[in-house]
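K.L.:
please find the sequence and the predicted model below.
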Amino acid sequence: MWRAFFLAIGATLVILGLEFLAVQKITLKWHEDPPPAEAPFQEAPKVGPNRQIRPPGWAPWSLMSTGAIVCLYSFTLPRRLKGE
């Protein structure tokens, strides 16, 4: 179980690092309030201000290297830990 957990965390970090390597900024659109349940189609949802995330230059490389190290660590774990 721990082996799969660490492998999943490492793979996620590598994929996130690759995504940060490919983009320069990420724009998130915020909705202020959801429409009321009794009238979902009467009003358009109010759109709040956009939020932009600009990953620093070191972020993709550190995420990919950390993910690779965690993946390698998961391969060195024994198949079955005692006590489980």
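P.N.:
Thanks, I have the structure now. What you see is a predicted model; the values in this text were computed from it and never measured.
K.L.:
can you pull out the strands in this protein?
P.N.:
Listed from the start of the chain, the chain has strands (DSSP state E) covering 26-28, 51-53.
K.L.:
would you reformat those strands as a markdown table and include distance to Ser62 and mean neighbour count?
P.N.:
C-beta coordinates here come from the backbone N, C-alpha and C atoms, glycine included. Formatted as a markdown table, these follow (distance: least, Cβ to Cβ, whole Å; neighbours: other Cβ atoms under 10 Å):
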| stretch | distance to Ser62 | mean neighbour count |
| --- | --- | --- |
| strand 26-28 | 17 | 10 |
| strand 51-53 | 16 | 10 |
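K.L.:
how about a markdown table for those, with mean pLDDT added?
P.N.:
Output for the strands of the chain, formatted as a markdown table (pLDDT from 0 to 100):
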| stretch | mean pLDDT |
| --- | --- |
| strand 26-28 | 89 |
| strand 51-53 | 88 |
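K.L.:
can I get the ones you listed in JSON lines with distance to Ser65?
P.N.:
Below are the strands of the chain laid out as JSON lines (distance: least, Cβ to Cβ, whole Å):
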{"stretch": "strand 26-28", "distance to Ser65": "21"}
{"stretch": "strand 51-53", "distance to Ser65": "21"}
